[in-house]
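> Fold the following, please.
(one chain, ligands or ions: 2)
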Amino acid sequence: MLTNKPTIIAITGASASGKSLFAQTIYDELFPELGENGISIIKEDAYYKAQDHIPLAIREQTNYDHPDAFEHELLTEQLHQLTENKTIKSPVYCYKTHTRTTNTIDIAPTPIILVEGILLFSNKALRDSFNMKIYIDTPLDICLIRRIKRDMVERGRSLDSITQQYEKTVRPMYYQHIEPSKSWADIIVTRGGKNRMAIEVIKAKIRQLINK
Ligand SMILES: Nc1ncnc2c1ncn2[C@@H]1O[C@H](COP(=O)(O)OP(=O)(O)O)[C@@H](O)[C@H]1O
Ligand SMILES: O=c1ccn([C@@H]2O[C@H](COP(=O)(O)O)[C@@H](O)[C@H]2O)c(=O)[nH]1
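Ligands and ions are numbered 1, 2, ... in the order given. Next up, the predicted model:
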């Protein structure tokens, strides 16, 4: 049971810019002090729309870098529930089948909630849910190299499918929707998930929020 409303910290930026690593590093380094009742991470990717009604070959062509690919209303509603001290059932998304699984994950409210994803600032209601907005600003060529390595290992993708998708949707949508959303950020973090000074600054701010 929380006595104060959670502080919700959004971390956005291009695909493979280092959002997950940045959020996970902050989580791991604060976990010994805060414990599992103190801090949690929510991924925007979990809120990709379910596509069970669409054949797999068609799902492979979906534009996953457009705001319409996400159920932002559900994420906004669930963040609101967390601020009301309620436990949510967060969806679980599978990158290989391009749809949600039948599972959900229970996430209880914690004083600090990190939310990370590519299009968190694209929806006004969602954007207004955040107490702090961080943009990870990593050059797109570096992101592409990281994405190729990661998606071949972790998301079961071929080099051909990664480069085709990159040209068709990832790159154009970055310039149309992600890069302009930087203007909503309170803090811009250069390079990516290993910017030590930025990690220390955010950790210090979180400690201050927890202890006040
Ligand atoms: N500063 C960095 N230096 C080297 N590798 C990095 C850095 N930031 C992230 N990575 C690596 O790049 C890949 C993509 O990072 P990730 O955090 O998954 O990006 P995102 O969540 O933005 O899609 C991962 O394999 C991660 O370990
Ligand atoms: O079924 C899917 C769903 C998403 N993607 C790609 O994922 C990235 C967003 O995730 P990051 O962890 O921020 O990289 C987005 O660019 C989509 O293109 C996908 O390929 N397939």
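
> now the longest strand along the chain, how far from the centre of its chain.
Of all segments of type strand in the chain, defined using DSSP state E, the longest is strand 99-107. Put simply, strand 99-107 sits 16 Å off its chain's centre (C-alpha atoms, centre = their mean, to the nearest Å).

> That strand pairs with which strands, and in what direction?
strand 88-94 (antiparallel) (DSSP bridges).

> Would you mark the buried spots in the strand it pairs with?
88, 90-91, 93 (16 or more other C-beta atoms under 10 Å). Yep, even glycine has a C-beta here, placed from its N, CA and C like the rest.

> Next to ligand 1 in this structure, residues from this structure, please.
13, 15-21, 146, 150, 191-194 (C-beta under 6 Å from any ligand atom).

> let's see 8 Å
Residues of the chain found near ligand 1 (C-beta under 8 Å from any ligand atom) are 13-24, 116, 118, 136, 138, 143, 146-147, 149-150, 154, 191-195.

> Quick one: end-to-end distance for stretch 117-126.
12 Å (C-alpha to C-alpha, to the nearest Å).

> now do stretch 57-68
Using C-alpha to C-alpha, the two ends of stretch 57-68 sit 19 Å apart.

> Mind listing residues that contact it?
15, 48, 51, 54, 69, 97-99, 118-119, 122-123, 161, 165, 169-170, 172-174, 177-178 (C-beta atoms under 8 Å, 6 or more residues apart in numbering).
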